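1. coords please:
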Amino acid sequence: MTDDTLRPVLLAGLQGQQNQNIDYELAELANLAEANNLQPVETFLQKLDRPNPATYFGKGKVEELGQAVQSYEVDLIVVNDELSPSQIRNLEKLTDATVVDRTGLILDIFAQRAQTKVAKLQVQLARLQYQLPRLRTSMSVSLDQQTGAGGAGFTSRGSGETKLEQSRRRITSEMVHIRQELAELIKDEDTRTTQRQASQLPTVALVGYTNAGKSTLMNRLLERFGVGAVNATTKQVFEKNMLFATLNTTVRKLTLTDKRQLLLSDTVGFVSKLPHNLVAAFRSTLEAAGQADLLLQVVDVSDSNYQQMMKTTEETLQSIGVIGRPMITVFNKADQTNLPYPTVDGENAITISALDLKSQDELIQLIEQNIFADSQPVKLKIPFSENKLVATLSSQHVFLQEDYTEEGTIIELILSPQELAKYQAYQI
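-> A predicted model of the protein is given here:
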């Protein structure tokens, strides 16, 4: 029985020689459909060495899909791969239903989820790139022709633009405009990034599969370590149990119990077969991962396909040029499995539940071991005339020792190499 609030849909996929994870992909396709307010009523799978260039599926499977459209009284088919424009047109003609491929489905979800101006423009650009080669050739039948004088019949004074050409020109022009607007917005974001880098605070970026719990983890850490965490000024990120709940990168400052600070960012989640033009459109958003001092790959360990999800995350990071960055693998949602937690699974891996305080403490400790590895105890002598500097350092560090001499205040604290260079003149 279907939910009357959801639109029923058929799912269809092809298993070839290079596709050995089809069950996982179809399960994910069902989740994507549900994220777009669709309810799968039946899934069709065909084993075929290579897609049919005209209809993607073989003749028998196309006929079966057409019969299912009538039997289930549905008008929409979602296909697991990206189809060519001609394949979509031919399938729609033969099945008498609208056909949406995986790329189109993901783009629709992103369009619904986009909240910020940058995210909306990035999704709009990706959708236009997707639509451009899929404009209907049937639009070309109408020509802007001129009538000859004296009623002598139709005289062509040069064929006008076809509707197809007009549409292509309009979309191309719109894409140019969007790229220009994005360039200005990204320039402003680059300025903010430069300012954050100038603060010399270490940066940590959450990456991983969509719905792995990145936003939940960030919000729980913000509750405890975020600026203004005890009052309503805390700016948390949107959190919901659904695919692609958030599309924009959010950066927040954390102050740890030893007063050391870091910047934590939440990034858009990944999914298998994420459309290339969508990855390209969100490249600037995902660059937060490439600029981070440390990556936290958040993995939903309660999902039986978590290893495939990790592979997808790593492939997506490589596609945007994020290679060789230090990374901690955070196996999250252990409370939904029979796994013990928090358990350190290696030098750069940990099993946790984002909702568990002890887990959070274990993770913070592992983060500190990574990003503050080069820090060392240092003794500084601050003249009394510069007591403001002592106050500044006290607000940012826990003093291991504090003594007073006739020349000034001697303090011992842990400094990073960058901080040490800044206060080198005071070192004793």
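
2. Break down the stretch 201-350 of the chain into its helices, ranges please.
-> Read by DSSP state H, counting those that start in this stretch, the stretch 201-350 of the chain holds these helices, from start to end of the chain: 214-225, 276-281, 283-291, 306-319.

3. Turn those into TSV, including mean pLDDT and distance to L83.
-> From N, CA and C alone the C-beta is placed, and that goes for glycine too. Formatted as TSV, the helices of the stretch 201-350 of the chain follow (pLDDT from 0 to 100; distance: least, Cβ to Cβ, whole Å):
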stretch	mean pLDDT	distance to L83
helix 214-225	91	31
helix 276-281	72	15
helix 283-291	70	25
helix 306-319	87	21
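
4. Find the residue at the geometric middle of the chain.
-> With distances taken as Cα atoms, centre = their mean, V268 lies nearest the centre of the chain, 2.0 Å away.

5. Check the gap between that one and N219 for me.
-> 16 Å (Cβ to Cβ, to the nearest Å).

6. Let me know which of the helices of the stretch 201-350 of the chain is the nearest to T405.
-> Comparing the helices of the stretch 201-350 of the chain by their distance to T405 (Cβ to Cβ), the top pick is helix 214-225, with 35.0 Å.

7. What is the helix or strand G104 falls within packed up against?
-> Taking DSSP states H and E as the definition, one finds G104 inside helix 102-113. If you count contacts as 3 or more Cβ pairs under 8 Å, 6 or more residues apart in numbering; DSSP states H and E, helix 102-113 packs onto helix 22-35, strand 76-79, helix 117-131, helix 276-281.

8. quick one, the helix or strand following the second one and helix 117-131 angle?
-> Right, the one you point to is strand 76-79. On the C-terminal side of strand 76-79, the closest following helix or strand by DSSP H and E is helix 85-95. Following axes from the mean of the first three to the mean of the last three Cα atoms, to 10 degrees, one obtains 70 degrees for the angle between helix 85-95 and helix 117-131.

9. Show me how far helix 85-95 is from its chain's centre.
-> If you compare the mean C-alpha spot of helix 85-95 with that of the full chain, they lie 31 Å apart, counting by Cα atoms, centre = their mean, to the nearest Å.

10. Against which helices or strands is that helix packed?
-> With contacts taken as 3+ Cβ pairs under 8 Å, 6+ apart, helix 85-95 sits against helix 59-72, strand 76-79, strand 98-101.

11. Give me the sheet partners of the last one and which way each runs.
-> I take that to be strand 98-101. In the sheet containing strand 98-101, its partner strands are strand 76-79 (parallel), by DSSP bridges.

12. Show me which positions of the strand it pairs with end up buried.
-> If you call a residue buried by 16 or more other Cβ atoms under 10 Å, then strand 76-79 has these buried ones: I77, V78, V79.

13. where does the stretch 51-200 of the chain dip in pLDDT?
-> The model of the stretch 51-200 of the chain has pLDDT under 70 over residues 136-161, 188-199.

14. could the helices of the stretch 201-350 of the chain be laid out in JSON lines, adding mean neighbour count?
-> Formatted as JSON lines, these follow (neighbours: other Cβ atoms under 10 Å):
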{"stretch": "helix 214-225", "mean neighbour count": "21"}
{"stretch": "helix 276-281", "mean neighbour count": "18"}
{"stretch": "helix 283-291", "mean neighbour count": "19"}
{"stretch": "helix 306-319", "mean neighbour count": "17"}
